[in-house]
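K.L.:
Prediction below, plus the sequence it came from.
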Amino acid sequence: MTKIKRSNQTVCIIGLGYVGLTLGVALARSGIKVHGVEINDDVINSLDNFQAHFSEKGLNQILQNTIKSNALTYSKEIPKSKKFSYYIITVGTPLNEEGLPRTDMIERSTAQISKHMDDNSVVILRSTVVLGTTRETIEPILKRSKKKYMLAMCPERTLEGRALEELSNLPQIIGADNVQTAQKCSELFQNITPKTTIVSSWETAELIKLVDNTSRDLSFAFSNEIAKISSLFGVDVYEVINKGKADYSRTNLPLPGPVGGPCLEKDPHILSYSSKKKNFHPPITNASRQINEDQVRDIAVILKNRLNNELSQSKVLFCGLAFKGIPETDDLRGSMGIKLIDEFQNCKNIYVYDPVVKKITAEKYGKFFDFQQEQSFDLILL
């Protein structure tokens, strides 16, 4: 791939979480001048030590190189002395206590950009959002600035643990309302990836991201439902799935188990909430998410029965706290392991272990087990 390198391409990324930092490093490594904005002191302190605040294989070395070479700079606010060709919003969009998607961080970020940007700046939304957010939330804020701008929705779709790898080979979705904006975004992303896919609207790009993750949630939910049916008939669900899909391409069901994480736990709810704005309640999406949310409680019931409900006298070891282990991550957001630990709070002793999660973090959920101790457990969960 021939990289497009332009000396006037400068990027400001708002939010240096998992999405923003990996994108910033990838762009900086390609020759783009990148400035990141992050208000979290812990993140800033980690960057000061050339360390990411999360586990991603190979990231720290590249991060150190880009910071030391000033290809990647960072601060807690958009620098008044610098102007940028592109502003990319990568802040989080968690659900609030009522289970509704938050937009306050996106609104604040957009307001900051609108005050700082020059005419003809490109503003890119990369966060996962409710359908219509680009048009109904971001565009009105930018319009009030009375400046000329280009606005696009380019959703992040990388897999945690492989973000740097996937940023270099996954197609970047570009949702824009005109050809000029789409071309400007293509010029940027072609520095890091061989292919961009332009779609016809902001809403199309927003929906693609929600469909990507919700479709995976649906497949896991069906697998968990088959596990329940198998159990009712005394059938081994692993045999059903593994033998059933062997050399048979039309069936590719994943193995059953708890389903969570920062995306699969959240994005189906965002899709459902988006649909409700048009008075449609998506039954398959809602049912699948409910199946997966019930899975932890169902597993806990089975395991407690094996302990004969004598929790107060039991010692249980939980191996694995992050929401997934392949590829490895230390991300505890939406971790089903943590939720399963909550179901066993009446145990006499809870021990925890995760090779990636820091010990000081793991000890919030139980006694840390280092495998150098000789102990016996009533139950070990992997």
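P.N.:
Arrived safely. Nothing here was measured: the structure is a model prediction, and the numbers come from that model.
K.L.:
longest helix of this structure?
P.N.:
helix 202-232 (DSSP state H).
K.L.:
Give me the buried stretch members for that one, please.
P.N.:
Neighbour counts over helix 202-232 (16 or more other CB atoms under 10 Å) mark 202-203, 205-210, 213-214, 216-218, 220-227, 230 as buried. C-beta here means a position set from N, CA and C on the backbone, and glycine is covered the same way.
K.L.:
quick one: buried residues of the helix or strand bottoming out on mean pLDDT in the chain?
P.N.:
Least confident helix or strand, the chain: strand 379-381 with a mean of 90, by mean pLDDT, DSSP states H and E. Burial within strand 379-381, assessed by neighbour count using 16+ other CB under 10 Å, is assigned to 379, 381.
K.L.:
Can you name the element that comes right after the helix or strand hosting Glu166?
P.N.:
Under the criterion of DSSP states H and E, Glu166 resides in helix 163-167. The element immediately downstream of helix 163-167 (helix or strand, assigned by DSSP H and E) is strand 172-176.
K.L.:
Determine the angle, from 0 to 180 degrees, between that following strand and helix 202-232.
P.N.:
Using axes from the mean of the first three to the mean of the last three CA atoms, to 10 degrees, the direction of strand 172-176 lies 130 degrees away from that of helix 202-232.
K.L.:
Give me the contact list for strand 172-176.
P.N.:
With contacts defined as CB atoms under 8 Å, 6 or more residues apart in numbering, strand 172-176 is touched by 134, 150-155, 157, 182, 185-186, 189, 193, 195-206, 208-209.
K.L.:
Using CSV, list the CA coordinates for that strand.
P.N.:
Extracted C-alpha coordinates of strand 172-176, given in CSV (Å, rounded to 0.1, in the frame of the first residue of the first chain):
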residue,chain,number,x,y,z
GLN,A,172,-12.6,2.0,7.4
ILE,A,173,-16.3,2.9,7.1
ILE,A,174,-16.8,6.5,6.0
GLY,A,175,-20.3,8.1,6.4
ALA,A,176,-20.4,11.5,4.8
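K.L.:
So what are the sheet partners of that strand and their directions?
P.N.:
strand 149-153 (antiparallel), strand 196-199 (parallel) (DSSP bridges).
K.L.:
The least confident helix or strand of the chain - contacts with which helices or strands?
P.N.:
helix 283-306, strand 315-319 (3 or more CB pairs under 8 Å, 6 or more residues apart in numbering; DSSP states H and E).
K.L.:
ok, residues contacting the shortest one?
P.N.:
This points to strand 315-319. Contacts of strand 315-319 (CB under 8 Å, 6+ apart): 337, 340-341, 344, 347-354, 365-366, 369, 375-382.
K.L.:
Of the residues you listed, grab the buried ones for ChimeraX.
P.N.:
To isolate the buried ones among the contacts of strand 315-319 in ChimeraX, judged by 16+ other CB under 10 Å, type:
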select :337,340,341,344,347,350,351,352,353,354,365,366,369,378,379,381
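K.L.:
and the helices and strands packed on strand 379-381 as TSV, adding distance to Gly36?
P.N.:
Shown next, in TSV, are the helices and strands packed on strand 379-381 (distance: least, CB to CB, whole Å):
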stretch	distance to Gly36
helix 283-306	33
strand 315-319	35
